[in-house]
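Chemist: need a 3D model of the sequence below.
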Amino acid sequence: MRVKTAVARGVTAAVQRMPRALTSPLAASVGALLWAGFDRRVANENLERVYPDWPSRRRRRVAFRSYGRMARSLVEFLHTPKYSEAEILERVRLENEGALETALAGGRGAILLSGHFGNWEWLARRVAAAGHPFAVLFKEPGDPVLAERLRQTRAAAGIEQIDHDDMRAAARWLRAGRVLGIVMDQEPRRVAEGVIAPLFGQPTMTHTGPFRLARMADAPLLTFFCRATGQGRYHARLELLEASESTDMESAVAEDAARFNARLEAAVRRDPEHWMWMYKRWARLDRRSRARPTSR
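Modeler: Residues are numbered from 1 along each chain as shown. Below you'll find the predicted structure:
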């Protein structure tokens, strides 16, 4: 077993056994563990790419706090079954919730798009707690023990999982008038699954699957991003993402991807510590750039 897998198993099991009253000290400990265990250069390089004019000390501070924010979200997620639906409804304020009701009134379900920003897992729990059948598109981790632990934690919160490659199952879920959540700010595994769209002024490989799915199921798209407002308290605003009117599929999904990236960028620029900077967001395009032969 890989060391990181063994550590992840141990940490998740230990956190789930701890009382939720220890969330803050646990988050601090897990954050320090993540800071020590991950390659911090990735976060620093990403921040330098996006904020080249910031002093290095400021970028390091945001990187460190980003690890702490991710740790807190992880601990809160693992403690999710210890919170009642009423508590989640009170702790996660969802502004413009009527936009979701309006979208669902069409009878074709709704796709909610977010990123690895704040406590994205509690956003799903918040929508489910309001009485909406909710599923997430999910890629299982390689370790089956961790995968089952994640599935059980989500199931306890009333959240289903649909394999990220099973678009037919996702379309059926939407056509039943239900809600599907997708966290889509990572690189596609295959070039054919994405387009290059701007993000922070950078050409960025961006998933197109959610936009193709929306057209397949005739489902509306909305965005929301979960920012912290206090200890264990969050705020998000639902906003309709207008679909491109282009009749050409490839042009349409490229425009949709650019519009989503603009929403994500606005959220991150407002609260940069909330985003997962330690992910290699521009890895494929960077490799392609390095491999390109220089002209003579």
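Chemist: from now on I want contacts and neighbour counts done on CA atoms only, so please keep to that.
Modeler: Will do.
Chemist: how many neighbours does A124 have?
Modeler: 23 (other C-alpha atoms under 10 Å).
Chemist: same check, this time on E242
Modeler: So E242, with other C-alpha under 10 Å, has 12 neighbours.
Chemist: residues contacting it?
Modeler: L221, D256 (C-alpha atoms under 8 Å, 6 or more residues apart in numbering).
Chemist: which SS state does it fall under?
Modeler: coil (DSSP: H, G, I helix; E, B strand; the rest coil).
Chemist: from A13, how far out is it?
Modeler: As judged by C-alpha to C-alpha, to the nearest Å, E242 and A13 stand 41 Å apart.
Chemist: what of V30?
Modeler: 13 Å.
Chemist: in terms of neighbours, single out the busier of the two.
Modeler: V30 (22 against 14).
Chemist: the more buried one belongs to a helix, doesn't it?
Modeler: Yes: counting by three-state DSSP, V30 is found in a helix.
Chemist: my guess is it contacts A71. True?
Modeler: Yes: look at V30 against A71 with C-alpha atoms under 8 Å: they come within range, at 5.6 Å.
Chemist: determine the residues that are contacts of both of these two.
Modeler: Counting by C-alpha under 8 Å, 6+ apart, nothing touches both V30 and A71.
Chemist: what pLDDT does the model give the nearest residue to D163 once chain neighbours are set aside?
Modeler: The shortest distance from D163 to any non-neighbouring residue, by C-alpha to C-alpha, 6 or more residues apart in numbering, is to F138 (5.3 Å). We have a pLDDT of 88 for F138.
Chemist: and F138, how far is that from Q152?
Modeler: 13 Å.
Chemist: again with R259
Modeler: Counting by C-alpha to C-alpha, the gap between R259 and Q152 amounts to 34 Å.
Chemist: higher neighbour count, the two?
Modeler: Ranked by neighbour count (other C-alpha under 10 Å), R259 and Q152 place R259 first, with 19 against 15.
Chemist: which parts of the helix or strand encompassing the more buried one are buried?
Modeler: Here R259, judged by DSSP states H and E, is contained in helix 249-270. Judged by neighbour count (16 or more other C-alpha atoms under 10 Å), helix 249-270 contains these buried residues: 252-265, 267-268.
Chemist: what do you get for stretch 164-176?
Modeler: So stretch 164-176, judged by 16+ other C-alpha under 10 Å, has buried residues M167, A170, A171, W173, L174, R175.
Chemist: got a list of what the closest residue to the first one other than its chain neighbours touches?
Modeler: Distance criterion C-alpha to C-alpha, 6+ apart; nearest residue to M167, sequence neighbours excluded, is L213 at 7.0 Å. If a contact means C-alpha under 8 Å, 6+ apart, then L213 has M167, A170, A171, A219 as its contacts.
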